[in-house]
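**Student:** sequence first, predicted coordinates after that:
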Amino acid sequence: GAVVSQHPSWVICKSGTSVKIECRSLDFQATTMFWYRQFPKQSLMLMATSNEGSKATYEQGVEKDKFLINHASLTLSTLTVTSAHPEDSSFYICSARRGSPKETQYFGPGTRLLVL
Amino acid sequence: EDQVTQSPEALRLQEGESSSLNCSYTVSGLRGLFWYRQDPGKGPEFLFTLYSAGEEKEKERLKATLTKKESFLHITAPKPEDSATYLCAVQVAQGGSEKLVFGKGTKLTVNP
């Protein structure tokens, strides 16, 4: 199968601090990784798309200086929420895909972020 | 604007009571339609991909179909373990790349 992991699974932090979330593809090489945010009873909203070795492409309305994405290898992408505020509290989910756009996106288990 | 609408928002079934979930979409260029299952507090789990109208795929008690404007997820004789939120997503072109646009999901509860 295609397994994607995320770490940590949940995190609580104080307002103003930065939080880093890792996303790993465990049994395949992910050319492209995606980061989503999901609020309660809402759709998954795409935040950004990252290709290995390239700068991430952010969706409209997502601040790239606040949500830093690094896709340094074919198995690892990180999302850093800088200077987190309570409104950043959400469920962050990554997905990973092999080369072609026709390939399936496989999702990680998600990271619950609570900013106090 | 690309839109995906799922109905109903919530569905309660008795064990063994078959039904269908709907996903209607308006997109500029459909590259594919995906169905995922999401359990509470977890990430989505891939179920099916459909690429062209008339296509059908099956997996155990689930069957997905696709027309030019909508997709159905048919659940035959469901069991309590089928309880979850079912998400539909369409893959659309975006610049030189593509992305998934998700619906809000249908929360399915199957009572024993």
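**Tutor:** Received it, and whenever you're ready, just let me know what you need. Numbers count the residues shown, from 1 in each chain, chains lettered A, B, ... in the order given.
**Student:** next, the contact list for the nearest residue to A:Ser95 once chain neighbours are set aside, please.
**Tutor:** Excluding its sequence neighbours, the residue lying closest to A:Ser95 (CB to CB, 6 or more residues apart in numbering or on different chains) is A:Gln105, at 4.1 Å. Any C-beta I mention is one placed from the backbone N, CA and C, and that applies to glycine too. Contact analysis of A:Gln105 by CB atoms under 8 Å, 6 or more residues apart in numbering or on different chains lists A:34, A:95-97, B:34, B:46, B:100.
**Student:** report the contact partners of residue 59.
**Tutor:** In the absence of a named chain, this looks at chain A. A:45-48.
**Student:** hm, I was asking about chain B
**Tutor:** Going by CB under 8 Å, 6+ apart, the list of residues near B:Lys59 reads B:47-48.
**Student:** let me know the pLDDT of it.
**Tutor:** B:Lys59 carries a pLDDT value of 94.
**Student:** next, the buried residues of stretch B:64-82.
**Tutor:** B:64-66, B:70-73, B:75, B:78, B:82 (16 or more other CB atoms under 10 Å in any protein chain shown).
**Student:** what ranges in chain A fall below the confidence cut-off?
**Tutor:** By pLDDT under 70, the low-scoring segments of chain A are A:1.
**Student:** residues in it within reach of chain B, list them.
**Tutor:** Residues of chain A lying near chain B by CB under 8 Å from any CB of the partner chain: A:4, A:6, A:34, A:41-46, A:49, A:57, A:91, A:93, A:95, A:101-102, A:104-110, A:112.
**Student:** buried ones among these?
**Tutor:** A:4, A:6, A:34, A:43-46, A:49, A:57, A:91, A:93, A:95, A:104-110.
**Student:** looking at these, which are in strands?
**Tutor:** A:4, A:6, A:34, A:44-46, A:49, A:57, A:91, A:93, A:95, A:106-107 (DSSP state E).
**Student:** for chain B, what's its nearest residue on chain A.
**Tutor:** A:Phe107 (3.8 Å; CB to the nearest CB).
**Student:** now for the residue nearest to that residue when sequence neighbours are not counted, how many residues are close by?
**Tutor:** Sequence neighbours aside, B:Gly43 is the residue nearest to A:Phe107 in space, at 3.8 Å (criterion: CB to CB, 6+ apart). For B:Gly43, the count of nearby residues is 23 (other CB atoms under 10 Å in any protein chain shown).
**Student:** skip the chain neighbours and tell me the closest residue to B:Leu11.
**Tutor:** In space, B:Leu11 is closest to B:Leu108, 5.2 Å off (CB to CB, 6+ apart).
**Student:** what sits up against the helix or strand where the one you found lies?
**Tutor:** In the assignment (DSSP states H and E), B:Leu108 maps to strand B:106-111. Residues from elsewhere that reach strand B:106-111, judged by CB under 8 Å, 6+ apart: B:6-15, B:21, B:75, B:78-86.
**Student:** find the closest residue to chain A in chain B.
**Tutor:** B:Gly43 (3.8 Å).
**Student:** ok but that residue is inside a strand, no?
**Tutor:** No. Applying DSSP: H, G, I helix; E, B strand; the rest coil, one finds B:Gly43 to be coil, outside a strand.
**Student:** would you mind naming what in chain B lies close to chain A?
**Tutor:** Counting by CB under 8 Å from any CB, chain B sits next to chain A at B:4, B:31-32, B:34, B:36, B:41-46, B:49, B:87, B:89, B:91, B:95, B:97-105.
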